[in-house]
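**Q** Structure for this input, please:
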Amino acid sequence: MSKKLSQNKLPLLVSLRRKLIRVGAVFLALWLAFGHTIASSGSLLYKNYLIRYDRGWDILCEPYKVQPKDWILKIFHQKGEISYNNFTEFVSIFKRLNPHVKNMDMIRPGQIIDIPLRKLEPGTFPGQATGMVTIPFVSLTKMTQAARKHSAVYEVKKGDTISQLICRHFGRFGSTSYKKGIKKFKTANPNIENLDLIYAGQKLYMPDPAVRDQFRSMASRQQQDNKQQANKIAGSSSLTEQPAANRLSMGPDPEQTVASTLAIAAQAIGAKLLEKGTYFVPHQGKDFEVDMSVHPVMKLEQPIANIVFSRKGRVMGIDSESLGAFWPGAKVVPYDEQATVQQVVTAIFSTLEEADSETASHQEQQQGTQISFMDHGVLVVVRSKWTRTHKDQRTICITPIQSAEEQTPESMRRYLEQNDVVIKEILPDTFQESTSALNSGIQRHAIVNMLDLAPAGPKDFVRNLARSLGLTFSPDVVVSFPYAGIQIKAVAHWLSSASGKEILIDFGDLYGDAVKAIESTGPTVVQIFATDDNFMITRKIFDALELNYEKDPIFLAARRTPEYNVSLTIPGLLYTKQEKEKVLLSPAALHPAVSELLGKADVRMIVW
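**A** Predicted coordinates for the structure are as follows:
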């Protein structure tokens, strides 16, 4: 049965959630934090979890079968890192992963739901790309130890039975509390295999009924339930119901129908295709009827539009110019059986632009071909041929490309989708959707060549910088220079490049006209002040050594022209060494997808 949440229970449930989630999350956290350490302490409980894809993230999900007297918040509050950290985000993810749950206040026993537990980077768990992972989440020894902490030692007396002892503490035989007591007893006393066989003088651990049930069931019961439930889910739509474009390569097929091409085009632009039945349009007391098997209809939400496809420019015998009198706002797009997805999409946007060339929506659409956002100092700009705003306010960027080599890398598409930008790229004879949870080729972000200078101060920073760039740094060098008619000695720091250019570094030890006097003898003096940050220090040294560098370099995500591409402007200096080796020095905390992009471009990174 289902139970509708009463509004006056919300404050109590929300306050209770943090306490309950700590118990529910501890099992998963044990494995995530300690992994093999747990394995050595006793037998492991294994549990199967699903991997679902949502907006650039792999989501670790627990398959769950709704039980009698369950209600949605009761389930939510006991499960998952996402629920604990951000309950609002958790609910949003749940809705997207469980579209079959139309009303969250009304769930029914036996209903299968996927409960989101944690966001994952690709390749976090072995076998993650298959859509299911098996995780050892707690040891039986640990469970027994924890259960005994909330139990009292009892010595069996003559005439005692387990059922009598449990009834004494948990209530009448067969009641719900009695059954929970039996489960707790079994957890605390795993050495007792037969509950009907105990003897006088035997020591038992009797669980405290006042303590909440922290252990959902006996290990064998848990393992059996997990396997049965995971196998049932694996055969359900929750695992297999992935977007078709995420699984297929949609190349030309001699048997491909026009309708299937339109379906792929609709998916590419985020529209809904109607290709069966009759579409009724009210018209002067009599409906105007459109046979959608002959004239498929594509419905757009933003901007609101009805696209009607016609082979000869006529819809149900009416030419496109006159259709507006019968169906206001409808747009006619011509097509034929040989049309590719790219050609269909191009025709749709051309028709929309032509029809709305003087409207505000068209102006917004044109301005929307470039969108940008900042992420930890990195400016990300996405330029696409067309853009559309999805009903959930995400921006869909659609671009025709000429070859698979021009596609945006998978890790970058995930990164953009995490920032509400969906990349959709259309080849001349196929359509490439954004990332898939079941993409067998996806791995963790590549390990990149990155060095963290971790400086303790300006002098330490210069020493580490010189070492990392192959420069020669000689500290505390005595220099002699004429001043006011006498020869003066001072201490400075010598720095030279591979080309032979030499400079002196001063960290505030030289005063007055000493710098000019030294430079009059030949070497350039670079003064480092207490107010200089690492970026300023690096620029001063590069300029003095006449090194070849670029400030705030721009990198392209895909191997194609900048016109329709993703560009990333990274704060820092891109230094090109004489051997053409490129080194990026940056203070920015780069996302793994950005670091991976630089690594594939053979750019070495130095951060501080």
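
**Q** from what I can see V381 touches P562, true?
**A** No - counting by CB atoms under 8 Å, V381 sits too far from P562 to count as a contact (9.5 Å). All C-beta atoms are positioned from the backbone trio N, CA, C, and that covers glycine.

**Q** what's around the closest residue to D476 other than its chain neighbours, how many residues?
**A** Ranked by CB to CB, 6 or more residues apart in numbering and with sequence neighbours excluded, the top spatial neighbour of D476 is V491, at 5.4 Å. Using other CB atoms under 10 Å, V491 is surrounded by 13 other residues.

**Q** following whichever helix or strand V491 is part of, which helix or strand shows up next?
**A** Assigned by DSSP states H and E, V491 belongs to strand 486-496. Remark: after strand 486-496, the chain's next helix or strand is strand 502-506, criterion DSSP H and E.

**Q** Which strands or helices does that following strand pack on?
**A** Contacts defined by 3 or more CB pairs under 8 Å, 6 or more residues apart in numbering; DSSP states H and E place strand 502-506 against strand 486-496, strand 524-527, helix 534-545.

**Q** avg pLDDT for that strand?
**A** The predicted model gives strand 502-506 an average pLDDT of 92.

**Q** before we move on, what about stretch 146-164?
**A** For stretch 146-164, mean pLDDT is 88.

**Q** Show me which positions of that stretch end up buried.
**A** Across stretch 146-164, burial judged by 16 or more other CB atoms under 10 Å covers 146-147, 150-151, 156, 160, 162.

**Q** those helices in the stretch 51-200 of the chain, which residues are they?
**A** 72-76, 81-85, 87-97, 140-149, 162-170, 176-188 (DSSP state H, counting those that start in this stretch).

**Q** dump the residue contacts of L195.
**A** 162-163, 182, 185-186 (CB atoms under 8 Å, 6 or more residues apart in numbering).

**Q** hmm, back to that, dump the helices of the stretch 51-200 of the chain to JSON lines, plus distance to A544.
**A** Shown next, in JSON lines, are these (distance: least, CB to CB, whole Å):
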{"stretch": "helix 72-76", "distance to A544": "60"}
{"stretch": "helix 81-85", "distance to A544": "48"}
{"stretch": "helix 87-97", "distance to A544": "49"}
{"stretch": "helix 140-149", "distance to A544": "61"}
{"stretch": "helix 162-170", "distance to A544": "80"}
{"stretch": "helix 176-188", "distance to A544": "70"}
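
**Q** Can you say which of the ones you listed is nearest to P523?
**A** Across the helices of the stretch 51-200 of the chain, P523 has its closest neighbour in helix 81-85 (55.8 Å, CB to CB).

**Q** per-residue confidence averaged over the closest one?
**A** 75.

**Q** Go ahead and measure how far that helix is from the middle of the chain.
**A** Relative to its chain's centre, helix 81-85 lies at 15 Å (CA atoms, centre = their mean, to the nearest Å).

**Q** hang on, the earlier thing: which of V381 and P562 has more neighbours?
**A** When V381 and P562 are compared for neighbours, V381 comes out ahead with 15 against 12, by other CB under 10 Å.

**Q** Show me the shaky parts of the chain.
**A** For the chain, the stretches flagged by pLDDT under 70 are 1-45, 77-80, 137-142, 210-259, 302-303, 355-368, 429-450.

**Q** Any figure for the gap between the residue sitting furthest away from the middle of it and S320?
**A** Using CA atoms, centre = their mean, the residue of the chain lying farthest from its centre is G485. It sits 68.7 Å away. Noted for G485: a distance of 96 Å to S320, by CB to CB, to the nearest Å.

**Q** need the contact list for the spatially closest residue to I198 that is not a sequence neighbour.
**A** Of all residues not flanking I198 in the chain, V156 sits nearest, at 5.3 Å (CB to CB, 6+ apart). Contact partners of V156, counting by CB under 8 Å, 6+ apart, are 198-204.

**Q** next one: phi and psi at V156?
**A** phi -60, psi 130 (degrees, to the nearest 10).

**Q** So it versus R604, what's the distance?
**A** 70 Å.

**Q** can you check R559 too?
**A** Distance from R559 to R604, counting by CB to CB: 20 Å.

**Q** ok, those two, which is more surrounded?
**A** Per other CB under 10 Å, whichever of R559 and R604 has more neighbours is R604, with 19 against 13.

**Q** Isn't the more buried one up against L585?
**A** No - between R604 and L585 there is no contact under CB under 8 Å: 9.6 Å.

**Q** May I have the beta-bridge partners of E502?
**A** Here E502 sits in beta bridges with S496, going by DSSP bridges.

**Q** before we move on, back to that, among the contacts of V156, which lie within strands?
**A** 203-204 (DSSP state E).

**Q** Between the contacts of V156, identify the one with the most neighbours.
**A** Neighbour counts for the contacts of V156 (other CB under 10 Å) peak at L204, which has 19 neighbours.

**Q** mind checking how far it is from L195?
**A** 11 Å.

**Q** Identify the contacts common to those two.
**A** Taking CB under 8 Å, 6+ apart as the criterion, L204 and L195 both touch F185.

**Q** could you pull out the strands for the stretch 301-450 of the chain?
**A** Secondary structure of the stretch 301-450 of the chain (DSSP state E, counting those that start in this stretch): strands at 304-310, 314-315, 318-319, 330-334, 370-375, 378-383, 386-389, 395-400, 421-427, 430-432, 450-452.

**Q** most neighbours per residue, which of those strands?
**A** Of all those, strand 421-427 has the most neighbours on average by mean count of other CB atoms under 10 Å, namely a mean of 24.

**Q** what angle sits between that strand and strand 395-400?
**A** 20 degrees (axes from the mean of the first three to the mean of the last three CA atoms, to 10 degrees).

**Q** Which residues does strand 421-427 contact?
**A** Residues from elsewhere that reach strand 421-427 (CB under 8 Å, 6+ apart): 268-269, 341-342, 345, 371, 373, 382, 384, 390, 394-404, 406-408, 412-413, 416-417, 431-434, 566.

**Q** so what's P136 bridging to?
**A** Under the criterion used here (DSSP bridges), P136 is bridged to Y46.

**Q** So which elements touch the helix or strand containing S468?
**A** For S468, the host element (DSSP H and E) is helix 458-469. On a contact count with 3+ CB pairs under 8 Å, 6+ apart, helix 458-469 meets strand 472-483, strand 486-496, helix 534-545, strand 582-586, strand 603-607.

**Q** what's around Y511, how many residues?
**A** When neighbours are counted by other CB under 10 Å, Y511 comes out with 9.

**Q** From T524, how far off is it?
**A** Using CB to CB, which is the criterion applied here, Y511 is 18 Å from T524.

**Q** do V91 as well
**A** From V91 to T524 the distance is 62 Å (CB to CB).

**Q** Please apply the same query to A530.
**A** A530 sits 21 Å away from T524, going by CB to CB.

**Q** Out of the helices of the stretch 51-200 of the chain, which is closest to Y279?
**A** Across the helices of the stretch 51-200 of the chain, closest to Y279 is helix 87-97 (CB to CB), at 28.7 Å.
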